[in-house]
Structures are given as structure tokens and as C-alpha cells.
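In: okay, sequence plus prediction incoming.
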Amino acid sequence: MELGTPDDLRTELNSLVLAGRKTATTGLLAEYVEETEGLEFVGERLALLNNDGDSIATIEVTGVELTSFIGVTWEHAAAEGEGDASLDEWRAGHRRFWEREGTPVQDDTPVVCLAFRVAPTRSGPPTA
């Protein structure tokens, strides 16, 4: 999983994940279609990647919801852990981000809301 863009934003978002403050993210359904990739599923484990493409943690998906941009709940937005004080603030920030990336969003734009946790590190010898 690559959060944000490969720059200071990704570094900041990854730090929030590793600190346990960011347990959700939102992506555009159109990006999944463009990349011909299926939606994540509950229980799926993904590598959290840094700016160099190296894995810095494993995250486990705990929830997947397909909704419209306007349908994103405050509970989900707050779980993104980025310091937004309200759902309106979250929406404004995400609109600005996607506009900068060349994909303006409307209220009815389909999005994928993912919830996740950092997976515990396995220790000891592998089991057969």
C-alpha cells in the first residue's frame, strides 16, 4: 500500500500509521479500475511502502466500504488520523489533494474506504 504521493506526504502518512493514529484511508474507485486491480478484502495483508518502495510494516485490512465521496462518514474520516476537525474540513482537504493529482471529485464520485491495523510482527521459527 502506497499512501499519498511519494514525497513528504507519504512519509507523514506512514508515520501516522506506525504511531497507530491512522487506521483508515480513502481511494478513488477509478484508480482501481485504471490499474485493473480488485478491491482489498477483510483479512488481506498488505506491505506498507515508503518513498523508496521498501516495506516498512504489514497492515491488515479490517474493513472495506464502497460509497460516494459525500457518503464518507465522520467516523471513517476521523480514523484517517490527519487532524481534520470536521467532515467538511476532511472533504475540502481531500478535494484539494485529488484536484492537484488531476482528478477532481464530485459528491457522487465513487470512493473506497479502507480500515486497517498494523499487523503484529511474527516472531519465532516459521510453522509448517
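Out: That came through fine.
In: just for this structure, where's the confidence low?
Out: Low-confidence segments of the chain (pLDDT under 70): 122-128.
In: please report phi then psi for the residue positioned nearest the centre of it.
Out: The residue lying closest to the centre of the chain (Cα atoms, centre = their mean) is T25, at 2.6 Å. For T25, the backbone dihedrals are phi -150, psi 160 (criterion: degrees, to the nearest 10).
In: which residues touch it?
Out: Residues near T25 by Cβ atoms under 8 Å, 6 or more residues apart in numbering: 1, 3, 13, 80, 113-114, 116. For the C-beta atoms, the positions are set from N, CA and C on the backbone; glycine is no exception.
In: what is it paired to in the beta sheet?
Out: L114 (DSSP bridges).
In: where do the strands of this protein begin and end?
Out: Taking DSSP state E, the strands of the chain run over residues 24-28, 45-49, 55-68, 110-118.
In: make JSON lines out of these and add distance to D7.
Out: JSON lines is the format used below for the strands of the chain (distance: least, Cβ to Cβ, whole Å):
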{"stretch": "strand 24-28", "distance to D7": "17"}
{"stretch": "strand 45-49", "distance to D7": "13"}
{"stretch": "strand 55-68", "distance to D7": "16"}
{"stretch": "strand 110-118", "distance to D7": "21"}
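In: cool, thanks, talk later.
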